[in-house]
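[1] 3D, please:
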Amino acid sequence: MLAAIEGLLAKGPCRRQPVLALNGPVGAGKSTLARTIADLAHRRGLRVAVASIDDLYLPLKERRSRLAGNPFGVSRVPPGSHDVPLLMERLEAWRSGGKLRLPCFDKGLAAGEGERSGEREQEADVLVLEGWLMGCRALGSELAELLAGGVQGWPLSESELDWIPQWNRALTDYHPLWQACDGLWLMRPSGWTLPRRWRFQAEARQRRRGAGWLDGANLGALVRSSLHSLPPPLYQDPLLVEEPQGLPLLGVSVLDGRRRVVALATHSSVSSASSAIG
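    Next up is the predicted model:
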């Protein structure tokens with residue numbers, strides 16, 4: 001991944017500061033990986049900033065309003081939870097010569113629902129922006145046909161199916177962000193049952209630290225919302241073979257149950273390896 005970042009930087013001094021989109025399911029270790037990359041880059045004299053799309057969650061009151069009545073009963077995670085215009089504004093200011101200034105989000109506030117918690121500002125040559133929906137594109141007229149018989153191999157309730165067109169519409173607001181990114185890296189679980197385990201492990205660590213945490217039912221709903229608002233067969237799998245909104249796929253890491261890489265494809269090998277990885 002660091003080599004991919006250096007490749008983006010090597011495209012010329014007049015090029016805009018690159019943004020690498022890091023896609024992975026909840027609990028996969030995206031933040032940990034990105035921080036490690038930033039530390040390694042620092043040793044090479046590169047300033048790599050790390051942020052999560054979660055940092056751009058809307059304030060709680062607005063999230064509750066936007067997601068009212070959703071089938072998961074959650075106040076964050078699905079498309080529409082994030083302040084994309086604010087992120088685009090901050091990226092433009094950074095690329096125009098300013099510092100990178102982004103909001104922070106604390107999942108431990110508001111009894112585990114989370115809330116914004118200040119901002120941070122830093123000098124950066126590159127931004128690694130991570131999130132579970134990074135790069136996913138909204139489907140067009142084919143969506144109705146794809147949903148007509150349910151999503152094969154993916155258990156969705158009737159109410160969840162009914163809401164997918166709404167999540168799909170909300171996802172179109174993210175397309176300008178994908179166009180502002182310069183490359184995509186995927187962290188894929190070897191099985192889609194793993195993210196739930198990983199997220200419960202992360203919540204247990206948060207509880208031991210004394211921060212706000214969610215009970216099992218609410219946490220289960222949160223994980224389900226990330227996997228069922230945009231079902232992977234429709235929104236994640238295409239990322240292996242397509243370049244969403246012109247976003248180049250730079251690498252794919254497949255993780256086992258302990259979040260170890262068991263398959264890796266990078267750069268030119270991605271397309272040839274995608275069938276095996278899928």
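
[2] For the stretch 1-150 of the chain, which residues score under the pLDDT cut-off?
    Within the stretch 1-150 of the chain, the ranges that satisfy pLDDT under 70 run 12-14.

[3] Could you pull out the helices in it for me?
    2-9, 30-43, 60-66, 84-95, 142-148 (DSSP state H, counting those that start in this stretch).

[4] mind putting these in JSON lines, mean neighbour count and distance to Leu109 included?
    Every C-beta, even on glycine, is put in place using the N, C-alpha and C of the backbone. As requested, the helices of the stretch 1-150 of the chain are exported to JSON lines (neighbours: other C-beta atoms under 10 Å; distance: least, C-beta to C-beta, whole Å):
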{"stretch": "helix 2-9", "mean neighbour count": "17", "distance to Leu109": "32"}
{"stretch": "helix 30-43", "mean neighbour count": "16", "distance to Leu109": "18"}
{"stretch": "helix 60-66", "mean neighbour count": "15", "distance to Leu109": "8"}
{"stretch": "helix 84-95", "mean neighbour count": "16", "distance to Leu109": "19"}
{"stretch": "helix 142-148", "mean neighbour count": "12", "distance to Leu109": "35"}
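
[5] Out of these, the one nearest Arg76 is which?
    Nearest of those to Arg76, taken as C-beta to C-beta: helix 60-66 at 5.6 Å.

[6] Name the nearest residue to Trp198, sequence neighbours excluded.
    Nearest residue to Trp198, sequence neighbours excluded (C-beta to C-beta, 6 or more residues apart in numbering): Gly27, at 2.6 Å.

[7] Quick one: low-confidence residue ranges for the stretch 151-278 of the chain.
    Of all residues in the stretch 151-278 of the chain, those with pLDDT under 70 make up the ranges 202-216, 242-245, 267-278.

[8] Now do the same contact list for the closest residue in space to Leu8 that isn't next to it in sequence.
    What sits nearest to Leu8 in space, not counting adjacent residues and going by C-beta to C-beta, 6+ apart, is Pro18, at 3.9 Å. Contacts for Pro18 (C-beta atoms under 8 Å, 6 or more residues apart in numbering) come out as Ile5, Leu8, Leu9, Val126, Leu127, Asp182, Gly183.

[9] and the last one, how many neighbours does it have?
    Gly183: 22 surrounding residues under other C-beta atoms under 10 Å.

[10] Which helix or strand contains the nearest residue to it once chain neighbours are set aside?
    Excluding the flanking residues, the one nearest Gly183 by C-beta to C-beta, 6+ apart is Leu250, at 4.2 Å. For Leu250, the host element (DSSP states H and E) is strand 249-255.

[11] sorry, back to before: how about JSON lines for the helices of the stretch 1-150 of the chain, with distance to Cys136 added?
    JSON lines is the format used below for these (distance: least, C-beta to C-beta, whole Å):
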{"stretch": "helix 2-9", "distance to Cys136": "20"}
{"stretch": "helix 30-43", "distance to Cys136": "15"}
{"stretch": "helix 60-66", "distance to Cys136": "18"}
{"stretch": "helix 84-95", "distance to Cys136": "13"}
{"stretch": "helix 142-148", "distance to Cys136": "13"}
